[in-house]
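Participant: Dropping a prediction and its sequence here:
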Amino acid sequence: QLYNHSSDTNIKPTPTLQIINIKKVSGSASSNANNERYRVVLSDGQCYIQGMLATQINYMITDGTLVENCVVQVMDFITNLVQGRTVVILLNARPKGKQGYKIGNPVDVSTAATAAASSSNKQGNSNYNNTTTNNNNGAKPMYNQQRQQYNNNGNNNRPNNMYARPQAVASNVSPQNRYASNSYNNQNNNSFGGGGGTHTSNPHGNNTLYTPISQLNIYMSKWTIRARVTNKGPIKTWSNAKGEGRLFSLDLLDDSGTDIRATFFKEAVDRFYDLMMLNHVYTISGGKLKVANMQWNTCKSGFEITCDVNTEIHEVKDDGRIQRNVYEFIDDIAALETSCEVNGNADLLAVVKSVGPVGTVTSKRTQQELFKCDLTLVDQSNTSVNLTVWGEEAKTAASKYDRTPIVAVKKVRVSDYGGRSLGTSSGTNIVLDPRGEDVGVQRLETLKSWWRNQGSNVSHSVKSISGSAGGGGRMVSFEDRKPIRAIKDENMGGNSASMDNKPDWLTVKACFTFLKKDKEGGPWYTACGNADEPCKNRPKATMTTEGTWHCDKCNRAMPNCVRRFIFSACITDDTSTSWVSIFNEQAEMLLGEGITADMLYERCFEGSEQEMFESVFNKANFTDWVLKCRVKSEMVGDEQRVKTSVVNLMPVDYVQESRDMLAAINKM
């Protein structure tokens, strides 16, 4: 089964075999344990085949799970040609027991296969494509099953295997016949059976040969792909113990329907970033293949490409054979609750109903300020979900999605953070006004008709599956708001006193009735004057005897500090009253444009404009806002208290509020 496995089928066998020999392959003196390789011999009792262990399962040797004469079930593998011999690369195996002795007297599977073919020749069978040699003396050995590597002209070539030496494919062959060829010209071998594929020297010629992305593997040394750029990420910086540099990534799709991630580092960023354009078609060769990290890589291929300045890339004419994107749409937004796994990825077609305000969060890992924005997506299931976009996409969201466009969203991550919500990642691709041929004409027309006749009506209500439990400052829909009374009625913050330490979230429409501004020294604190990493004007700074401001986080003394608001306020609705904590960003929105803590300190505390100080806070009193609050239990001295903090706020839009109230009344 391993010897005969063909890429014509996506189903791999999982035979139970015996490992009759294990040998460590000698490497360089500088090689470490992670680079050690082990050669194994696999037997079914009648035949044996040479193999190698993939490095990710080396631990099964070192911990004694795999020993000579043990029995294993092969769970995953690839095959390759090494100097004309088939070698199995064992990717995953499940131990079944330790036998202690060799079972049977197996012979080399390739020798047995040659003998079987010779016997078949003697019986007069010249058409090898449709011949099965029968073994009437007992059980049929697995190498004696029907083989397809024999052509009508008698060539004994191995069948095309998606993990072995791939066939080269002519660019002028039609897509449906593209993989029918079985040619292995210009073969090259490496120590682990690499060297598959054919290197192209003329990327613009009509007879150029390409390797399908679906057949790429890490044991190949020469290959050329022809693919479309379906997603292009921004330039990012990285820093670790080995140094620092820049990188960017692309998603590449070819006409086999498989996409692969390509990442460019350091000098390759300068050379290729402006060259590679979204939706353009290129030939690419000379990159290094490695196993994909599926935690971050959402492409179909199990491998990814690392490119450097020596990678050869040429733009070629787009002949239309490669799709703009390949989608695997879920049925509708409502299916996110029933058919999609949390932390999995989903493709969907929807209308951008509304765009939320741009907010910022601080990364816990890098301490960098990140921009975010929530889009509300709806579809014909009368269901809405929030999609969070980041970075430059968040900054331009208001203008980009202001006309309620239809979007095709590929590879968004599904979260249960507040019911169901969606978030973008490096592999996410959002296409505005997609073409029918890319997403399906019928699906697109159904959504357009629903939006035109029902969804765009202001009185038409939809169910939101992004509930009020969601954090990060996300404003929920009118239907999912709660009254202030819910803090006590639902025991909000009570869970945070337990081991999970998770807060509760509340979105409420309320009025500010009192702002506590009379704290000694002012309603602010003195923050570090360092605007760069790691402080970014956030940690507290204290005045030294020399008159400078010292920050414990960056361990620096600065000539000046930055003052940031922090004070308490009382909010009220028709059900109850609650104290809340207000921090700098929210305070600046509440007090009005241009009002900062530093400005009030300079004009009112160091200057003589005390009346201005009172006026600023009095003006904010008795104003209506929609508030997003975090409710969490914290220790204050020796007492456990529930603390409510405002993480986002926006003034009430009375026109939209009236529409939402009328819609709610109509549903009663």
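Facilitator: Alright, I've got the coordinates.

Participant: helices and strands of the protein: which one bottoms out on pLDDT?
Facilitator: strand 169-170 (a mean of 42; mean pLDDT, DSSP states H and E).

Participant: Quick check, residue 435 in contact with residue 327.
Facilitator: No - at 11.6 Å, residue 435 does not count as touching residue 327 under the criterion of C-beta atoms under 8 Å. In this view, the C-beta of every residue, glycine as well, is placed from N, C-alpha and C.

Participant: For burial, what's the neighbour tally of residue 296?
Facilitator: Number of residues near residue 296 (other C-beta atoms under 10 Å) recorded here: 12.

Participant: Would you mind measuring from it to residue 243?
Facilitator: Separation of residue 296 from residue 243 (C-beta to C-beta, to the nearest Å) stands at 21 Å.

Participant: on that earlier part again, residue 435 and residue 327: which is more packed in?
Facilitator: Using other C-beta under 10 Å, the more surrounded residue of residue 435 and residue 327 is residue 327, with 21 against 12.

Participant: That one: which element?
Facilitator: Assessed by DSSP states H and E, residue 327 sits outside every helix and strand.

Participant: now do the one 4 residues further on
Facilitator: Secondary structure here is read from DSSP H and E; on that basis residue 331 sits in neither a helix nor a strand.

Participant: any idea of the pLDDT on it?
Facilitator: You'll see residue 331 listed with a pLDDT of 88.

Participant: contacting residues around it?
Facilitator: 339, 381 (C-beta atoms under 8 Å, 6 or more residues apart in numbering).

Participant: And for residue 360, the neighbour number?
Facilitator: By other C-beta under 10 Å, the residues close to residue 360 number 11.

Participant: so how far is residue 412 from it?
Facilitator: Residue 360 sits 21 Å away from residue 412 when distances are taken as C-beta to C-beta.

Participant: count of neighbours near the residue lying closest to residue 110 once chain neighbours are set aside?
Facilitator: The shortest distance from residue 110 to any non-neighbouring residue, by C-beta to C-beta, 6 or more residues apart in numbering, is to residue 85 (6.2 Å). The local packing of residue 85 (other C-beta under 10 Å) involves 14 other residues.

Participant: Quick check: bridge partners of residue 85?
Facilitator: As for beta bridges, residue 85 partners with residue 82 under DSSP bridges.

Participant: State the distance from it to residue 326.
Facilitator: As for residue 85, its distance to residue 326 is 36 Å (criterion: C-beta to C-beta).

Participant: Same check on residue 214?
Facilitator: According to C-beta to C-beta, residue 214 and residue 326 sit 12 Å apart.

Participant: What ranges does the stretch 351-500 of the chain have for its helices?
Facilitator: Using DSSP state H, counting those that start in this stretch, the helices of the stretch 351-500 of the chain run over 392-395, 397-400, 436-439, 441-450, 486-489.

Participant: for the residue nearest to residue 54 when sequence neighbours are not counted, what are its contacts?
Facilitator: Nearest non-adjacent residue to residue 54, counting by C-beta to C-beta, 6+ apart: residue 91, 4.8 Å away. Each residue near residue 91 by C-beta under 8 Å, 6+ apart is listed here: 54, 56-57, 75-78.

Participant: Got the phi and psi for residue 91?
Facilitator: Phi and psi for residue 91, reported as degrees, to the nearest 10, are phi -90, psi -30.

Participant: pretty sure residue 60 is in a strand, no?
Facilitator: No - with DSSP: H, G, I helix; E, B strand; the rest coil as the criterion, residue 60 is located in helix rather than a strand.

Participant: Report the contact partners of the nearest residue to it once chain neighbours are set aside.
Facilitator: Nearest residue to residue 60, sequence neighbours excluded (C-beta to C-beta, 6+ apart): residue 66, at 4.5 Å. By C-beta under 8 Å, 6+ apart, the contact set of residue 66 is 19, 22, 40, 53, 60, 72, 93, 95.

Participant: would you turn those into CSV with pLDDT and neighbour count?
Facilitator: Output for the contacts of residue 66, formatted as CSV (pLDDT from 0 to 100; neighbours: other C-beta atoms under 10 Å):
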residue, pLDDT, neighbour count
19, 90, 23
22, 89, 16
40, 90, 22
53, 87, 24
60, 86, 19
72, 89, 22
93, 88, 24
95, 87, 14
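
Participant: Pick the one among those residues closest to residue 292.
Facilitator: residue 53 (19.4 Å; C-beta to C-beta).

Participant: now the closest one, which residues is it bridged with?
Facilitator: Assigned bridge partners for residue 53, using DSSP bridges, are residue 90.

Participant: May I ask you to confirm that it is in contact with residue 59?
Facilitator: No - counting by C-beta under 8 Å, residue 53 sits too far from residue 59 to count as a contact (10.1 Å).

Participant: Residue 445 and residue 505, how far apart?
Facilitator: Separation of residue 445 from residue 505 (C-beta to C-beta) stands at 38 Å.

Participant: cool, and residue 435?
Facilitator: 39 Å.

Participant: Residue 214 and residue 326 - which one has more neighbours?
Facilitator: More neighbours surround residue 214 than the other of residue 214 and residue 326, with 19 against 15 (other C-beta under 10 Å).

Participant: which residues in the stretch 551-668 of the chain form helices?
Facilitator: Taking DSSP H, counting those that start in this stretch as the test, the helices found in the stretch 551-668 of the chain are 584-591, 597-600, 610-620, 654-666.

Participant: and the ones you listed as CSV, adding distance to residue 109 and mean neighbour count?
Facilitator: Output for those, formatted as CSV (distance: least, C-beta to C-beta, whole Å; neighbours: other C-beta atoms under 10 Å):
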stretch, distance to residue 109, mean neighbour count
helix 584-591, 69, 20
helix 597-600, 78, 18
helix 610-620, 82, 14
helix 654-666, 71, 12
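
Participant: For the stretch 301-450 of the chain, just list every one of the strands.
Facilitator: Applying DSSP state E, counting those that start in this stretch to the stretch 301-450 of the chain gives strands spanning 303-307, 312-315, 345-355, 359-362, 369-379, 383-390, 406-415, 421-423, 429-432.

Participant: which other helices and strands contact the last one?
Facilitator: Of the remaining helices and strands, those touching strand 429-432 by 3 or more C-beta pairs under 8 Å, 6 or more residues apart in numbering; DSSP states H and E are strand 406-415.

Participant: Report the angle between the strand it packs on and strand 369-379.
Facilitator: Counting by axes from the mean of the first three to the mean of the last three C-alpha atoms, to 10 degrees, strand 406-415 points 120 degrees away from the direction of strand 369-379.

Participant: what angle sits between strand 406-415 and strand 345-355?
Facilitator: Inter-element angle recorded for strand 406-415 and strand 345-355: 120 degrees (by the same axes, to 10 degrees).

Participant: tell me the mean pLDDT for strand 406-415?
Facilitator: pLDDT averaged over strand 406-415 gives 88.

Participant: Could you list the paired strands of that strand along with their orientation?
Facilitator: Neighbouring strands of strand 406-415 in its sheet, by DSSP bridges, are strand 345-355 (antiparallel), strand 421-423 (antiparallel), strand 429-432 (antiparallel).
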